[in-house]
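J.: Turn this into a structure:
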Amino acid sequence: MNAFQTHGAISWQELATTNPEAAGSFYSGVFGWQTEQDDMAGMKYTEIKVGESRIGGIMPARGGAPSRWRAYVTVDDIEQAVSKAESLGGKVLVQPTEIPIGRFAVLQDPTGAEIGAIQYSDKHLCCKTADTDDTDG
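T.: The predicted model follows:
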């Protein structure tokens, strides 16, 4: 299964933190993750890799927000996912937003838990194959 192409699959984990360097060092030490710096749309972003597979990212928390992890679930249609979440009693915390790899939104379920939904762009998807994804895009 290719999580970047499979609707409903958790495809990305992202840490927004008050200290990206310290967090990157900590998780690299604990889990053996490799990190790679990237400037994504003018923001410092650290991609997390296991072997050659990119599995997540680390970025600075914004506006004094506390550090937190967020999972992103692949969807075929971000607008449809947002509409469905709202119809089931959820809230949209971040409306569908363009990013270099596609479009994402942040949803809140009726219990208050948050999760991200992401629709990857076709350009991004073309760079991935099978379970040994190269997620450059």
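J.: Now for Asp76, how many residues are close by?
T.: Per other Cβ atoms under 10 Å, the neighbour tally for Asp76 reads 12. Where you see a C-beta, it was placed from the backbone N, CA and C, and this is true even at glycine.
J.: Quick check: it touching His7?
T.: Yes: if you go by Cβ atoms under 8 Å, Asp76 and His7 touch, sitting 4.7 Å apart.
J.: quick one: buried residues of the helix or strand hosting Gly116?
T.: Taking DSSP states H and E as the definition, Gly116 sits inside strand 114-120. Buried residues in strand 114-120, counted by 16 or more other Cβ atoms under 10 Å: Ile115, Gly116, Ala117, Ile118, Gln119, Tyr120.
J.: swap in stretch 85-99?
T.: Within stretch 85-99, the residues scored as buried using 16+ other Cβ under 10 Å are Ala85, Gly90, Val92, Pro96.
J.: show me the contacts for the spatially most central residue of the chain.
T.: In the chain, the residue lying closest to the centroid (Cα atoms, centre = their mean) is Trp12, at 4.1 Å. Counting by Cβ atoms under 8 Å, 6 or more residues apart in numbering, Trp12 touches Ile55, Gly56, Gly57, Ala71, Tyr72, Gly116, Ile118.
J.: All set now, cheers.
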